[in-house]
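Asker: model this:
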Amino acid sequence: MKHWTAALALATLLATAACTPQQPPATPAASEAPAPAPAPPADRALDQASLMDAKGNTLSAQMLAGTFVEADSELVLLADGTYRQTLTTAGAQLSSDGVWIPAGRSSIALTPTDTDGQTVRFTLVSADDMRSQDGLHHFRRKPAQ
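Answerer: Take a look at the predicted model:
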């Protein structure tokens, strides 16, 4: 029952974000150069020496990078501090992305790109196991195939 509640809550959040009307991008004038893409957050947040798992082992962004799964959800953490999450529900896939940064000694915060999304914090049990601090999600590294 807990997985259904968590999946439904995540599906609702992702569906709300996906259904938000988007304004078409303004076409820049010929003399205006497009704004550069934002820099990856590596320079502002990935202080690897400050990350530790529950047993006190030091973790780096490279060690955390990979694919994690929980029920119908897949979370991909990249070493550059970005992430992508995909939820498959009722035959549809809902995706979100954003940045992840250390949020204390043994936790990370996932902040979605969508400004309507909410930051979610995860406790690092190990480099292969993390739990949301609200207790609703438990992601484990996807085994190599």
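Asker: Can you list the buried residues in the lengthiest strand in the chain?
Answerer: The strand that spans the most residues within the chain, counting by DSSP state E, is strand 92-102. When neighbours are counted by 16 or more other C-beta atoms under 10 Å, the buried residues of strand 92-102 are found to be 94, 96, 97, 98, 99, 100, 101, 102. C-beta coordinates here come from the backbone N, C-alpha and C atoms, glycine included.
Asker: One more: stretch 103-121?
Answerer: Of all the residues in stretch 103-121, those buried under the rule 16+ other C-beta under 10 Å are 103, 106, 107, 108, 109, 110, 111, 112, 114, 117, 120, 121.
Asker: could those residues go into JSON lines alongside pLDDT and distance to residue 88?
Answerer: Supplementary listing: the buried residues of stretch 103-121 in JSON lines, determined by pLDDT from 0 to 100; distance: C-beta to C-beta, whole Å:
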{"residue": "103", "pLDDT": "91", "distance to residue 88": "27"}
{"residue": "106", "pLDDT": "92", "distance to residue 88": "29"}
{"residue": "107", "pLDDT": "94", "distance to residue 88": "26"}
{"residue": "108", "pLDDT": "95", "distance to residue 88": "23"}
{"residue": "109", "pLDDT": "95", "distance to residue 88": "24"}
{"residue": "110", "pLDDT": "95", "distance to residue 88": "19"}
{"residue": "111", "pLDDT": "95", "distance to residue 88": "23"}
{"residue": "112", "pLDDT": "95", "distance to residue 88": "18"}
{"residue": "114", "pLDDT": "91", "distance to residue 88": "19"}
{"residue": "117", "pLDDT": "88", "distance to residue 88": "19"}
{"residue": "120", "pLDDT": "93", "distance to residue 88": "19"}
{"residue": "121", "pLDDT": "96", "distance to residue 88": "24"}
